[in-house]
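A.B. asks: Below is the sequence, then the predicted model.
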Amino acid sequence: MNSVTLKIVVVMVMIFIFFTVVSVVYQSLRNDYTTETALLAVGSDSESVQGVFVRDEEVVTYHGSGVISYEVPDGGKLGIGSVIANVYSTENQIEIKQRIERLENNLALLERISNPGTTQTAQPSSISALFTEKYKDFLYHRELDDLSDLQTEREEMVVLLSTYQLVTEKDVSYDARMESIASEITSLSMAQEAPLDVITADRTSYFVSYADGYENTLTLDRLESLTVEELRSVTDGTTDQSGAIGKLIDGYDWALVTVVDNSAKIYDLGDTVTLKFASTSETVTGEITLLNNAEGNEQTIMAVSCESLTYDLVQHRTETVEIIRGEYKGIMVPRSALRFQTLTEKVEDEETGEVKEITENYRGVYVLNGEQPEFRKLDVIYEGKDYVISAQKNDSDYLLLYDAIITKGIDADGE
């Protein structure tokens, strides 16, 4: 290559580099876009209301003397003749009983740990893996505030840790501890008195350890006669009814009754909704079985019938409830990014095979494709206050997961 040709090549390369740099700088100054990554989200079509629990209940009373010791938790199921509570002479007798129960549980755990079949077959590596799983389950139930399962997971972790210690440290033994516990149980049993009285259930039912005075007025057979004023006057609390020690709930059927604005007919009889309560992370599915608009659509009395009873669900007579009509999973798009564009597309008729051109105004967003903004259509399945959710589609004409949505720096015409 002669010197003249070399000079020409060098000059052309320099010119190319110059225009490339100018183009990059120009684009960076011109396209001052603010973007947001398209991510999955779940939108809830819901509203928050004040709900009232309506159940068929009967107050349990006891007029004798002594101290009540309940034998069944709130929401616990009872059979005919099941013990609801024992009556003792003093609080000290209840404390002795509870102490014996705790010691018996500890003794059972130690006997399980010390079982030769457990220690002979256990391997440190497998114990470690199981403990990790139980720890994850423990954290999960803690987040759900599930105290019953939390205690179960705790006991399993204690067993695994103690078994690991027995397997890895040959001199470890729980025999002395077990003998001490057994001795204490024997001593306490000698000081324990028989209950003065035993309160039993006369039918199959569920139990709650308090009464609130609404047991005879808020019943399932009165649902259609309940008024807005009556529902709004209901308060949470307990009653001072003489001798009341709790109540029996007949069956597991109950209803959540509330007042809603159904002017837009968003609720229909037979609809299935999900109830989310303020006092617990637990959710319950129910069916709308009553829509009484005698006092106007803006004050429609709605009843959601449910078939699930737990400790948390019997702790209140009224509380804040979120009624979820539906949940929609898709790509979240802020409303500030929404744009409209008229597009002409070719569409083939499935029956005749004829291809036609259709012009339509589409709602969508602009995304950055490299350095250039491009319009992407949306298939909106849910509209929130500040955002919409678009269905995921395997079509490059639509917004795709992880696209860079332009939220600022572009007008309605894509400029």
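C.D. replies: Ah, there it is. A quick note: this is a predicted structure, and the numbers were derived from the prediction, not measured.
A.B. asks: Do me a favour and get the backbone dihedrals for Val304.
C.D. replies: Phi and psi for Val304, reported as degrees, to the nearest 10, are phi -110, psi 120.
A.B. asks: so where do the helices sit in the stretch 151-300 of the chain?
C.D. replies: Using DSSP state H, counting those that start in this stretch, the helices found in the stretch 151-300 of the chain span residues 175-191, 228-232.
A.B. asks: Tell me which residue lies nearest the centroid of this protein.
C.D. replies: Ser281 (4.7 Å; C-alpha atoms, centre = their mean).
A.B. asks: Could I get the phi/psi values of that residue?
C.D. replies: Dihedral angles (degrees, to the nearest 10) for Ser281: phi -80, psi -10.
A.B. asks: got it, and Gly353?
C.D. replies: Residue torsions, per degrees, to the nearest 10, at Gly353 are phi 80, psi 0.
A.B. asks: Tabulate the helices of the stretch 151-300 of the chain (CSV), appending mean neighbour count, distance to Asp379 and mean pLDDT.
C.D. replies: (C-beta placed from N, C-alpha, C; glycine too.) Output for the helices of the stretch 151-300 of the chain, formatted as CSV (neighbours: other C-beta atoms under 10 Å; distance: least, C-beta to C-beta, whole Å; pLDDT from 0 to 100):
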stretch, mean neighbour count, distance to Asp379, mean pLDDT
helix 175-191, 12, 65, 88
helix 228-232, 14, 40, 95
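A.B. asks: can you list the residues that contact stretch 191-207?
C.D. replies: Contact with stretch 191-207 is made by 60, 62, 64-66, 68-69, 72-89, 93, 96-97, 100, 245-252, 309, 314, as judged by C-beta atoms under 8 Å, 6 or more residues apart in numbering.
A.B. asks: returning to that earlier point: so what pLDDT did the residue nearest to the centre of the chain get?
C.D. replies: Model confidence at Ser281, given as pLDDT, is 79.
A.B. asks: quick one on the thing from earlier: out of the contacts of stretch 191-207, which sit inside strands?
C.D. replies: 60, 68-69, 77-78, 83-88, 245-249 (DSSP state E).
A.B. asks: In those, find the pair that's most separated.
C.D. replies: Tyr88 and Ile249 (25.8 Å; C-beta to C-beta).
A.B. asks: Starting from the longest strand along the chain, tell me which strands it pairs with and how they run.
C.D. replies: Identified as the longest strand of the chain according to DSSP E is strand 318-334. Strand 318-334 pairs in its sheet with strand 40-54 (antiparallel), strand 272-277 (antiparallel), strand 387-390 (antiparallel), by DSSP bridges.
A.B. asks: Same list (these) but as TSV, adding distance to Ser187, mean pLDDT and mean neighbour count.
C.D. replies: Below are these laid out as TSV (distance: least, C-beta to C-beta, whole Å; pLDDT from 0 to 100; neighbours: other C-beta atoms under 10 Å):
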stretch	distance to Ser187	mean pLDDT	mean neighbour count
strand 40-54	45	90	17
strand 272-277	45	94	18
strand 387-390	65	92	21
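A.B. asks: wait, which of the ones you listed is closest to Arg112?
C.D. replies: strand 272-277 (36.4 Å).
A.B. asks: chain center to the closest one, what's the gap?
C.D. replies: In terms of C-alpha atoms, centre = their mean, to the nearest Å, the gap separating the centre of strand 272-277 from the centre of its chain is 10 Å.
A.B. asks: And stretch 55-75, by the same measure?
C.D. replies: With C-alpha atoms, centre = their mean, you get 31 Å for stretch 55-75.
A.B. asks: any idea of the mean pLDDT in that stretch?
C.D. replies: Mean pLDDT, stretch 55-75: 92.
A.B. asks: Buried residues, it. List them.
C.D. replies: 55-57, 59-60, 62, 67-72, 74-75 (16 or more other C-beta atoms under 10 Å).
A.B. asks: out of the residues you listed, who's nearest Ile301?
C.D. replies: Looking across the buried residues of stretch 55-75 and measuring by C-beta to C-beta, the closest to Ile301 is Arg55, at 16.9 Å.
A.B. asks: residues contacting the closest one?
C.D. replies: 218-220, 249-250, 253-255.
A.B. asks: re earlier: of the helices of the stretch 151-300 of the chain, which approaches Thr318 most closely?
C.D. replies: helix 228-232 (8.5 Å).
A.B. asks: any low-confidence regions in this structure?
C.D. replies: 1-31, 116-125, 127, 141, 143-148, 165-167, 169-172, 411-415 (pLDDT under 70).
A.B. asks: repeat that with 80
C.D. replies: Within the chain, the stretches with pLDDT under 80 are 1-32, 43-44, 109-110, 112-174, 239-241, 281, 346-351, 353, 371, 410-415.
A.B. asks: Nice, that's everything, thank you.
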